[in-house]
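Q: prediction below, plus the sequence it came from.
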Amino acid sequence: MNIMETPSSTSNYFFYDYKEHVPPCDMGSANVFGATFLPVLYSLVFFFGLSGNTLVLWALLKHKCLKNMTDIYLFSLSLCDLLFVSTLPFWAYSAAKQWIFGEAFCKIVSAAYELGYIGGTMFIILITVDRYLAIVHAVFSVRTRTVRNGIISSVVMWCVALFASLPIMIFSTIQSDGERYVCHTFFPQGNVSNWNLFNLSKAIVLGFCVPLAIIVFCYTRIIQTLRKNRSYKKHRAIKLIFTVVIVFFVFWTPYNIVMLLESLREQNVLTGCEFRKRLLIAQQVTESITFVHCCLNPVIYAFLGERFRFYLRRLLYSCLPPSLRYKISDQSHLTSHALPASIRSSSSGDHDPSTVL
């Protein structure tokens, strides 16, 4: 699914470059690759992303855990990921066959895709800043990391993501492309290049450069603070930080490099039919790699945290048959509504990095 595609710059089977006055570029091989590769990967991401993020929401709602800023951000991140993965079955079918779901649904699915995609990045930023405040500015964060501020900042981020998604929702439509119908973003004829350049810049700056800069800054300061911490768990926390940064960099950098090349192609800096075909295949592959990130979000932001693991154990324990519950040695710990002391201490002044991260 190439959401940057426009009739005057890219079609599913032929690429016409009117400015160069060259024969049409046959994109058939690139689209055959996409029709084979994309449905399989979209289906896998849908299954694992739906399972992991549903489990996060279930654990948070089941135990009414939305009582601090961290859980509010985690809840919103999982909502964004669920919104995003819910669109993948439609794109999978469209990639394999054609779009059969109507124009209104084309706009709805495109908007949901973009909103979940951008919103997920926005809440990764908020979770990063929340961890930064909790560890680096522990005393100051007691006054700022409140439920009220968490709700306000979440609403603001949802509004930013919705505003950034409006062009996709407005300009998404269905067009016949040879023997099949496609749902893509077709910008107005007079300003195709400008709109494409704006959309590419938005994806690179808002979706990669800004989050990466914030992640690197915040986690660098967190590591500097943790190195002074005497907690025996600080090494585990530092390893988790490196995991978060490396995963974000590995999964998002290739796609943004391809987007940078695409922006140069839009400006006719890079030309050629063979280059265009390879760029389209690279875009399909690298964009799909970024999709996997929404499957990893529950792991790196929820399951590895001590607080959430406590919620999850309680949830799984409550689902067991009564006969099995009595055989579990820590029954009294799981049935208690109070958090363990090591986690409760994080809300006083003594921040254990394992409970914050």
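A: Good, I have the coordinates. Numbering: from 1, shown residues only.

Q: now do the strands in the stretch 51-200 of the chain.
A: For the stretch 51-200 of the chain, the strands defined by DSSP state E, counting those that start in this stretch cover 172-177, 180-185.

Q: just those: most buried one?
A: Per-residue neighbour counts averaged over each of the strands of the stretch 51-200 of the chain give the maximum for strand 180-185, namely a mean of 21 (mean count of other Cβ atoms under 10 Å). Every C-beta, even on glycine, is put in place using the N, C-alpha and C of the backbone.

Q: partner strands of that strand, parallel or antiparallel?
A: Strand 180-185 has the following strand partners under DSSP bridges: strand 172-177 (antiparallel).

Q: how about the strand it pairs with as CSV, C-alpha atoms only?
A: Presented in CSV, the C-alpha positions along strand 172-177 are these (Å, rounded to 0.1, in the frame of the first residue of the first chain):
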residue,chain,number,x,y,z
SER,A,172,-8.3,9.4,-0.5
THR,A,173,-10.5,8.0,-3.2
ILE,A,174,-11.0,5.0,-5.5
GLN,A,175,-9.8,5.0,-9.1
SER,A,176,-9.7,2.5,-11.8
ASP,A,177,-6.2,1.4,-12.7
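
Q: I'd guessed residue 117 sits against residue 85; true?
A: No: counting by Cβ atoms under 8 Å, no contact exists between residue 117 and residue 85, whose distance comes to 10.5 Å.

Q: mutual contacts of those two, please.
A: With Cβ atoms under 8 Å, 6 or more residues apart in numbering applied, the contact sets of residue 117 and residue 85 do not overlap.

Q: re earlier: so for residue 203, which of the strands of the stretch 51-200 of the chain sits nearest?
A: Using Cβ to Cβ as the criterion, the shortest distance between residue 203 and these is 12.0 Å, found for strand 180-185.

Q: from the chain's centroid, how far away is that closest one?
A: Relative to the mean C-alpha coordinate of its chain, strand 180-185 is positioned 24 Å out (Cα atoms, centre = their mean, to the nearest Å).

Q: picking that back up, how about the strands of the stretch 51-200 of the chain in TSV, adding mean pLDDT and distance to residue 123?
A: Rendered in TSV, the data for the strands of the stretch 51-200 of the chain read as follows (pLDDT from 0 to 100; distance: least, Cβ to Cβ, whole Å):
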stretch	mean pLDDT	distance to residue 123
strand 172-177	84	24
strand 180-185	86	24
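
Q: for the residue positioned nearest the centre of the chain, list the residues it contacts.
A: Relative to the mean C-alpha position of the chain, the nearest C-alpha, by Cα atoms, centre = their mean, is the one of residue 120, at 4.0 Å. Residues in contact with residue 120, defined by Cβ under 8 Å, 6+ apart, are 77, 80, 81, 84, 293, 294, 297.

Q: ditto for residue 52
A: For residue 52, the contact set (Cβ under 8 Å, 6+ apart) comprises 295, 297, 298, 299.

Q: pull up the gap between the last one and residue 307, please.
A: Here the distance between residue 299 and residue 307 works out to 15 Å (Cβ to Cβ, to the nearest Å).

Q: of the two, who's got more company?
A: residue 307 (23 against 13; other Cβ atoms under 10 Å).

Q: assign that one to helix, strand or coil.
A: Taking DSSP: H, G, I helix; E, B strand; the rest coil as the rule, one finds residue 307 in the helix state.

Q: quick check, pLDDT for residue 200.
A: Confidence per residue is given as pLDDT, and for residue 200 that number is 79.

Q: where are the low-confidence patches of the stretch 51-200 of the chain?
A: Applying pLDDT under 70 to the predicted model, the residue ranges of the stretch 51-200 of the chain that meet it are 63-65, 190-192.

Q: in this structure residue 114 contacts residue 169, no?
A: Yes: A contact is recorded between residue 114 and residue 169 when judged using Cβ under 8 Å, the distance being 7.3 Å.

Q: between those two, tell me which one has more neighbours.
A: More neighbours surround residue 114 than the other of residue 114 and residue 169, with 26 against 19 (other Cβ under 10 Å).

Q: that one and residue 255, how far apart?
A: Residue 114 sits at a distance of 15 Å from residue 255 (criterion: Cβ to Cβ).

Q: number of nearby residues for residue 170?
A: As a burial measure, the neighbour count of residue 170 was computed by other Cβ under 10 Å and equals 13.

Q: I'd like to know how far the residue nearest to it when sequence neighbours are not counted sits from residue 203.
A: With Cβ to Cβ, 6 or more residues apart in numbering as the measure, residue 107 is the residue that lies nearest to residue 170, at 7.9 Å, once sequence neighbours are left out. Taking Cβ to Cβ as the measure, residue 107 and residue 203 are separated by 19 Å.
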